[in-house]
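**Student:** Structure, please.
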Amino acid sequence: MQNFANRLRYLLKRIVMITLAAVALLLAGCGPEHSVSPATTADPAPTEPDATLREAQDSLKTKTEQLAATAASLQAANVELAEKEQVLGQREHQFKNLSAELEVLKKRDALVFAEVATLQQQGRNSAALDRYKQFLRDYPQSPLAIHAERAIADLTEEVAIEDLERTARLDPTSKARETKRLLDEGLLTTRELAPILKRRTRNQVISLLGKPNRVFPDGTEIGYIDRVTNATGGGKGMLIITFEDSVVSAFRMDYAGPKVIP
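**Tutor:** The predicted structure is shown next:
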C-alpha cells in the first residue's frame, strides 16, 4: 500500500513537471521577436513575383486598349476608303459613258462629212454645198469644221458658175443679162470675174462696168466701189483693175487683196 502511494506521488510530480515545461516552451515561442504585427497580418507585403505579375497585367491592359483604338481607326479608314472607292467607281462609270458618247459623235461627224465629200466628188456641187453648211450647223466644234469651211468657199464659186452656165443653156440671151445684173450688184467673186475680165480692153471694161469710181494717179488702175464679193466672208469690196498696154493684166479686191491674173 505504501509502495502504491509512492508511485502515485511520483507520477503526479512528473505530470506537473512536463506541464510546466510545455508552458515554458509555449511562452518562449510567442515572444516579441516572433510576434506578428497587426499591419503584417492585415495587408501582407507583395512578394517580387506578385509585383512582376501586376506590371505584366498593367502592360497587357495598356496594349489591349491601344490595339482596340488602332482597330477602331482602321475600321473608320476602311469605311472611308469604301466610300471613296464607290464615288470613284461612279465617276469612272460616268467617264466611260462620256467617252463612249464622244466616240459615237466622232464617228457620226466623220461619217456625215464623208457622205458630203462623196457628193462633191460626184460633181453634185449644189447638194454638197448645202450639206456642208448643214454640217457646220450640226457640228460646229468638229475637227472637220475647218475643212467644211474651205469646201464651202470653193463650192460657192463653182455653184455660182454652174448656175450661170445652166441659165445660159436654158436661155442663151439670159447669160449676158444675168452677168450684167451680178456685175452691177457686185455679187461676183474674183474667181467668177476672171473669165469675164480676161483680155478686156480698158474701153470694154468701162462699157461693161460703167464709169469707174476711182482712177489712180499713174492711170494703170481703176476702181469700182462694192463691185466684188468676198468668197469666204460674203462681204463686198472695191474691185481694182490693173491694165497693161490698155488690156486687163490683173485685178484684186481692195488695196491689200491678192492679185488675180485672168
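**Student:** now residue 215, which residues is it bridged with?
**Tutor:** Note on residue 215: beta-bridge partners residue 222, judged by DSSP bridges.
**Student:** Look up the pLDDT of it for me, please.
**Tutor:** For residue 215, the model assigns a pLDDT of 91.
**Student:** Likewise for residue 30?
**Tutor:** Confidence at residue 30, expressed as pLDDT, is 48.
**Student:** same deal with residue 20?
**Tutor:** Note on residue 20: pLDDT of 63.
**Student:** count of residues packed around residue 124?
**Tutor:** The number of residues packed near residue 124 is 14, by other CB atoms under 10 Å. Where C-beta positions appear, they are placed from N, C-alpha and C, glycine not excepted.
**Student:** That one and residue 192: what is the separation?
**Tutor:** The gap separating residue 124 from residue 192 is 20 Å, by CB to CB, to the nearest Å.
**Student:** what does residue 142 give?
**Tutor:** From residue 142 to residue 192 the distance is 29 Å (CB to CB).
**Student:** what's near enough to touch the nearest residue to residue 110 once chain neighbours are set aside?
**Tutor:** Using CB to CB, 6 or more residues apart in numbering and skipping residues adjacent in sequence, the residue nearest residue 110 is residue 144, 6.8 Å away. Applying CB atoms under 8 Å, 6 or more residues apart in numbering, we find residue 144 in contact with 109-110, 113, 135.
**Student:** any idea how far residue 144 is from residue 126?
**Tutor:** For residue 144, the distance to residue 126 - CB to CB - is 21 Å.
**Student:** Residue 117: what secondary structure?
**Tutor:** Three-state call for residue 117 (DSSP: H, G, I helix; E, B strand; the rest coil): helix.
**Student:** Local confidence estimate at it?
**Tutor:** We note a pLDDT of 93 for residue 117 in this prediction.
**Student:** Where does pLDDT dip in the stretch 101-250 of the chain?
**Tutor:** Of all residues in the stretch 101-250 of the chain, those with pLDDT under 70 make up the ranges 101-107, 167-168, 171-172, 174-175.
**Student:** Can you say which helix or strand has residue 17 in it?
**Tutor:** Applying DSSP states H and E as the criterion places residue 17 in helix 2-29.
**Student:** same question, residue 226
**Tutor:** Residue-wise, residue 226 maps onto strand 221-229 under DSSP H and E.
**Student:** residues near the closest residue to residue 156 other than its chain neighbours, how many?
**Tutor:** Nearest residue to residue 156 in three dimensions, chain neighbours excluded: residue 231, at 5.7 Å (CB to CB, 6+ apart). Neighbourhood size, residue 231 [other CB under 10 Å]: 19.
**Student:** what about residue 231, distance to residue 244?
**Tutor:** To residue 244, residue 231 is 25 Å away according to CB to CB.
**Student:** residues of the helix or strand harbouring residue 248 that come out buried?
**Tutor:** Secondary-structure element containing residue 248, defined by DSSP H and E: strand 247-253. For strand 247-253, the neighbour count (16 or more other CB atoms under 10 Å) marks 248, 250-253 as buried.
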